[in-house]
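> Would you be able to build a 3D model of this:
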Amino acid sequence: MGVALQKKKTCLAERDISVEIPGIGFFMTATLIVMRSYHRATAAARQVEKAMTWIPTVHVSLPVVCHFRAHEDPSMTDKMESLRLLSSEVEVLDLAATGCLSDNTMTTMIAKNFAPDPTRIVGSANLVNVILGNNFAVDHAGVKTLFFSSSAERVMIPVNCNGNHWCSIMIDFAEQKLFYYDPMESTYKLGLRAAAQSIKSIVPGWQSRTARVQPCTSTLGVRTDSYSCGIYVLVTFEVFSGAVSPGIVDKKTLQHLRYRYLSMCM
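Numbering: from 1, shown residues only. As a prediction, the model looks like this:
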């Protein structure tokens with residue numbers, strides 16, 4: 001009579017693996033996961049607290065052009081307290097105070113603003129990347145999908161340069177113009193223009209001699225810091241789509257605009 005011997009598995013379950021942290025000791029993977037979740041929740045709680053402290057400082061009644069006027073939401077703090085700390089919901093608080101917008105927050109905002117309008121097409125933040133200097137990358141296949149809609153009149157693409165500075169590229173089909181916008185007029189502008197030229201070459205039906213790539217002339221003023229560039233890009237998208245510009249954005253107006261966008265997401 002034969003006996004079948006089953007080979008014992010030598011692989012380890014994740015819970016059985018330990019990691020050494022030099023100078024501290026060994027920790028089981030499960031322990032590290034709990035620690036990581038704790039630190040994430042603690043950081044998110046601090047972000048909620050910061051946003052709640054910021055709300056009373058916003059001049060909600062500031063005289064801003066009608067389109068960009070914010071309306072006070074008395075339930076804003078309650079909505080913040082109900083956010084799940086270990087979920088992506090907390091990312092919308094990037095819009096508060098001096099937060100720098102994440103890719104998810106930018107995508108959420110432009111979807112809120114333009115999804116109902118089939119003539120305004122918006123791309124995701126991962127279609128174009130610009131690094132310092134003249135270096136850039138364009139997902140041409142992804143960009144081409146933005147041109148499928150027969151009703152599209154204008155296309156807007158947010159560009160997160162090097163992961164820390166928001167710019168944008170905008171296309172006007174009727175005028176055969178492609179604009180690139182850098183709120184800070186920084187060195188990223190070189191790569192942004194090169195990326196815009198690359199996109200111009202794949203826009204269907206454009207005559208290369210008549211279609212133009214040019215910088216976007218903004219009436220918002222030039223930013224001197226990168227943390228609010230995302231807000232400037234959001235406002236510029238709306239102005240590009242026909243809204244009346246709020247004009248030069250000072251500190252009070254900037255916080256007013258942040259409050260408006262945050263209330264749209266809560």
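
> Show the residue spans covered by the strands in this protein.
Using DSSP state E, the strands of the chain run over 18-21, 25-28, 120-122, 128-130, 136-138, 154-161, 165-172, 177-181, 212-215.

> Out of these, flag the one nearest Ala45.
Nearest of those to Ala45, taken as Cβ to Cβ: strand 25-28 at 23.3 Å. (C-beta placed from N, C-alpha, C; glycine too.)

> picking up where we left off before, now the strands of the chain as TSV including mean pLDDT?
Compiled in TSV, those are given as follows (pLDDT from 0 to 100):
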stretch	mean pLDDT
strand 18-21	64
strand 25-28	64
strand 120-122	95
strand 128-130	95
strand 136-138	95
strand 154-161	97
strand 165-172	97
strand 177-181	97
strand 212-215	95
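
> now these as a markdown table including distance to Gly230 and mean neighbour count?
Shown next, in a markdown table, are those (distance: least, Cβ to Cβ, whole Å; neighbours: other Cβ atoms under 10 Å):
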| stretch | distance to Gly230 | mean neighbour count |
| --- | --- | --- |
| strand 18-21 | 35 | 11 |
| strand 25-28 | 37 | 12 |
| strand 120-122 | 14 | 22 |
| strand 128-130 | 15 | 25 |
| strand 136-138 | 19 | 19 |
| strand 154-161 | 8 | 24 |
| strand 165-172 | 4 | 25 |
| strand 177-181 | 12 | 23 |
| strand 212-215 | 19 | 14 |
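
> export those strands to a markdown table and tack on distance to Ile202?
As requested, the strands of the chain are arranged in a markdown table below (distance: least, Cβ to Cβ, whole Å):
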| stretch | distance to Ile202 |
| --- | --- |
| strand 18-21 | 47 |
| strand 25-28 | 50 |
| strand 120-122 | 15 |
| strand 128-130 | 12 |
| strand 136-138 | 9 |
| strand 154-161 | 12 |
| strand 165-172 | 11 |
| strand 177-181 | 11 |
| strand 212-215 | 13 |
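
> can you tell me which of those strands comes nearest to Val233?
Here strand 165-172 is closest among the strands of the chain (Cβ to Cβ), at 4.7 Å.

> Of the strands of the chain, which is nearest Met106?
Across the strands of the chain, closest to Met106 is strand 154-161 (Cβ to Cβ), at 5.1 Å.

> helices or strands next to that closest one in the packing?
helix 103-114, strand 120-122, strand 128-130, strand 165-172, helix 188-200, helix 229-240 (3 or more Cβ pairs under 8 Å, 6 or more residues apart in numbering; DSSP states H and E).

> Neighbouring strands - and their directions - for it?
strand 120-122 (parallel), strand 165-172 (antiparallel) (DSSP bridges).

> Identify the residue nearest Pro183 in space, chain neighbours excluded?
In this structure, Pro183 finds its nearest non-sequential neighbour in Tyr232, 3.9 Å apart by Cβ to Cβ, 6 or more residues apart in numbering.

> quick one: which of the strands paired with strand 154-161 is nearest Val34?
When the strands paired with strand 154-161 are compared by Cβ to Cβ, strand 165-172 sits nearest Val34, at 34.7 Å.

> any idea of the angle that closest one forms with helix 103-114?
30 degrees (axes from the mean of the first three to the mean of the last three Cα atoms, to 10 degrees).

> sorry, back to before: identify whichever of the helices and strands packed on strand 154-161 lies nearest to Ser87.
Evaluated with Cβ to Cβ, these place helix 103-114 nearest to Ser87, the distance being 11.1 Å.

> Can you give the contact residues for that closest one?
Residues from elsewhere that reach helix 103-114 (Cβ atoms under 8 Å, 6 or more residues apart in numbering): 88, 91-92, 94-95, 101, 120-122, 124-126, 156, 158, 160, 166, 230, 233-234, 237-238, 241, 261, 264-265.
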